[in-house]
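> What shape does this take:
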Amino acid sequence: MKAYGENIVETKKPFHWAWIILATCFVNLFINYSVRLGYGVVLPEMIHSLNFGRAAGGSIYNAYLFSYIALTPLTGYLTDRLGARPVITSCCFILGVGVLLMGTIATLWTACLFYAVAGLGATGMWTPVLTVVQRWFSPNRRGLALGIVSTGPGVGLATMGAVFPLIVHHFSWRYGWYFLGAAALVMVLINGLLLRSDPENSGCLPWGQKDEPSGIGRADAKTHTKGGSLSIVFKNSRFWLIGLSYLSIAYSLYGITTFMVDYARYQMGLPLEKASLLATVHGAAQVAGVLTIVPLSDYLGRKKTLIISNSCVAACLAGILFTGNSWGVLFVLVGIMAVFCGAIFPVYGACAGDYFPRDMMGTVIGAWTAFYGFGAMLVHWVTGILRDTMGVYDHAFAINAAMAAAALLLISLVKKLESR
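Below is the predicted model:
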């Protein structure tokens, strides 16, 4: 009877529910990263209207990052205990409320508070999303699924760069937050209706899986529960070299992506429409990087891929220092850098599986998140203070280029794994 029932499901269903899950998760990431990465697009108009300095603008973003980094481990734990559906739905509601409130800000402390609320909601918009996508696709189809869903951030940034100038022209910068907050609240309903935490409870197998995994899942669960020792991880030189390289590249990349529109708008003197186009270029190129370089890392190796990527980022950041008022050169350099930017973060995450035992992957990735977060928060304060003090971004961008070079050096020092 079971086999007969499975055959009926296989032949009668016009599509697998995994694709509904994938589409829903793509929209979640699209909205979430429109809020997160689109901050750099909204920033110039927002701080100009409210008479905030760039250091204040960096502090607002850091409030978001602080709540995001501090609470992401808890969200991951709740996803394992309660399932992805309630966690994503609840966090989407919190995200929507925080973003709507961002449209009402008048003081620095309210901006920090409301964007921190948005950061709290964003904790359910990455780890739980990737978890539920991987559960709905078989192991040999997860790369395809994650590649598709990971284009959401790039598409979100590209859309903000194209649409935000129109919003400012017809309304004001506040409506950028209102529209995004409303979209997040609409997704609360869609997540509640369409998401399913795992395929087994829905009476089907992951997409691409033909038979039952004959105990593989149970074995993996035991291995996962067993976990790894933190002392073993911390004594491994690879952990520190990769982690510090991750911190350095996060510093350099956030230093340019957050402030590049403000740099083009107020240092180069470009109109908002042209300055915001940098975000569109960055987002579109980032999608291209996710779909090409990340799969190539399976063949080139993670270390070689990161050496190439970090080298190109360092070269592009150094080049931006010498563009002067050349819009065309800046346009090209931001696009090239973004191709590698889109691939860098997933490849660093994949290093956990390459250099550490399987039962320690979660421990390692969670610990590296602290490195990433520290680099991202530090650059916002340093860049903002330097821009307010010096009046230009040149000194801050020079540090960004140096940090990218440091990331290259550190990843180059990682020793090759002995063949097992």
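> tell me the contacts of the residue nearest to Gly289 when sequence neighbours are not counted?
Spatially, and ignoring its direct neighbours in sequence, Gly289 is nearest to Gly342 (3.3 Å; CB to CB, 6 or more residues apart in numbering). All C-beta atoms are positioned from the backbone trio N, CA, C, and that covers glycine. Residues near Gly342 by CB atoms under 8 Å, 6 or more residues apart in numbering: 153-154, 285-290, 293.
> Just the element for Val379, please.
Here Val379, judged by DSSP states H and E, is contained in helix 361-390.
> same question, Trp19
Assessed by DSSP H and E, Trp19 sits inside helix 17-36.
> residues of stretch 125-139 that come out buried?
Under the neighbour-count criterion of 16 or more other CB atoms under 10 Å, stretch 125-139 has 125-138 buried.
> Centre of the chain to whichever helix or strand comes after the helix holding Val379, how far?
Sequence order places helix 394-412 as the next helix or strand after helix 361-390, per DSSP H and E. What separates the centre of helix 394-412 from the centre of its chain is 20 Å, taken as CA atoms, centre = their mean, to the nearest Å.
> tell me which strands and helices helix 394-412 is in contact with?
The contact analysis (3 or more CB pairs under 8 Å, 6 or more residues apart in numbering; DSSP states H and E) places helix 394-412 against helix 237-257, helix 302-320, helix 361-390.
> quick one: which of the contacts of Gly342 has the most company?
Each of these was scored for neighbours by other CB atoms under 10 Å, and Gln286 scores highest at 30 neighbours.
> Does that one touch Gly156 like I think?
No. Contact criterion CB atoms under 8 Å: Gln286 and Gly156 do not qualify, at 9.8 Å.
> So what's the gap between the helix holding Val379 and the chain middle?
14 Å.
> sorry, back to before: how about the helices and strands packed on helix 394-412, which one is nearest Leu78?
The closest of the helices and strands packed on helix 394-412 to Leu78 is helix 361-390. By CB to CB, the value is 14.2 Å.
> Just the buried residues of the helix holding Trp19, please?
Applying 16+ other CB under 10 Å to helix 17-36 flags 17-18, 21-22, 24-36 as buried.
> Determine the set of other helices and strands touching it.
So helix 17-36, by 3+ CB pairs under 8 Å, 6+ apart, packs with helix 84-102, helix 108-122, helix 127-136, helix 142-149, helix 152-170, helix 173-194.
> Quick one, which of these gets closest to Pro44.
That would be helix 173-194 among the helices and strands packed on helix 17-36, by CB to CB, at 8.9 Å.
> tilt between that closest one and helix 108-122?
For helix 173-194 against helix 108-122, the angle by axes from the mean of the first three to the mean of the last three CA atoms, to 10 degrees is 20 degrees.
> Can you give me the buried ones in helix 173-194?
Under 16+ other CB under 10 Å, the buried positions of helix 173-194 are 173-174, 176-181, 183-185, 187-188, 191.
> Format these as JSON lines; extra columns: pLDDT and distance to Leu108.
Listed next are the buried residues of helix 173-194 as JSON lines, based on pLDDT from 0 to 100; distance: CB to CB, whole Å:
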{"residue": "Trp173", "pLDDT": "90", "distance to Leu108": "16"}
{"residue": "Arg174", "pLDDT": "93", "distance to Leu108": "16"}
{"residue": "Gly176", "pLDDT": "92", "distance to Leu108": "19"}
{"residue": "Trp177", "pLDDT": "95", "distance to Leu108": "16"}
{"residue": "Tyr178", "pLDDT": "95", "distance to Leu108": "20"}
{"residue": "Phe179", "pLDDT": "94", "distance to Leu108": "23"}
{"residue": "Leu180", "pLDDT": "94", "distance to Leu108": "21"}
{"residue": "Gly181", "pLDDT": "95", "distance to Leu108": "20"}
{"residue": "Ala183", "pLDDT": "95", "distance to Leu108": "26"}
{"residue": "Ala184", "pLDDT": "95", "distance to Leu108": "23"}
{"residue": "Leu185", "pLDDT": "96", "distance to Leu108": "26"}
{"residue": "Met187", "pLDDT": "94", "distance to Leu108": "29"}
{"residue": "Val188", "pLDDT": "95", "distance to Leu108": "29"}
{"residue": "Asn191", "pLDDT": "93", "distance to Leu108": "32"}
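> give the contact list for the closest residue to Leu101 other than its chain neighbours.
Distances taken as CB to CB, 6+ apart put Phe114 closest to Leu101, at 4.0 Å, once the chain neighbours are dropped. By CB under 8 Å, 6+ apart, Phe114 lies in contact with 98, 101-102, 104-105.
> where are the low-confidence patches of the stretch 151-300 of the chain?
202-203, 207-230 (pLDDT under 70).
> what do you get if the cut-off is 50, keeping everything else the same?
Residue ranges of the stretch 151-300 of the chain with pLDDT under 50: 213-228.
> Could you measure from His282 over to Ile320?
For His282, the distance to Ile320 equals 12 Å [CB to CB, to the nearest Å].
> Give me the neighbour count for Asn236.
Neighbours of Asn236 under the rule other CB under 10 Å: 15.
> for Met390, same thing?
By other CB under 10 Å, the residues close to Met390 number 11.
> next one: the one 3 residues further on
Tyr393 is surrounded by 25 other residues when neighbours are defined as other CB under 10 Å.
> Ok, Gly124 next?
29.
> Give me the mean pLDDT for stretch 59-74.
For stretch 59-74, the mean pLDDT works out to 86.
> For that stretch, buried residues please.
Neighbour counts over stretch 59-74 (16+ other CB under 10 Å) mark 59-69, 71-73 as buried.
> Repeat that for stretch 299-312.
Quick answer for stretch 299-312 (16+ other CB under 10 Å): 302-303, 305-312.
> same thing with stretch 70-86?
In terms of neighbour count (16+ other CB under 10 Å), stretch 70-86 has its buried residues at 71-73, 75-76, 78-79, 83-86.
> Now flag whichever of those residues is closest to Gly375.
Using CB to CB, the buried residues of stretch 70-86 come closest to Gly375 at Thr72, 15.6 Å.
> That closest one touches Thr127, doesn't it?
Yes. When contacts are counted by CB under 8 Å, Thr72 is listed as touching Thr127 (6.1 Å).
> how's this protein carved up into domains?
Following automatic domain parsing, the chain resolves into domains at 21-205, 230-413.
> So what's the residue count around Ala401?
Applying other CB under 10 Å, I find that Ala401 has 21 neighbouring residues.
> Same check on Ser231?
Residues lying near Ser231 (other CB under 10 Å) number 8.
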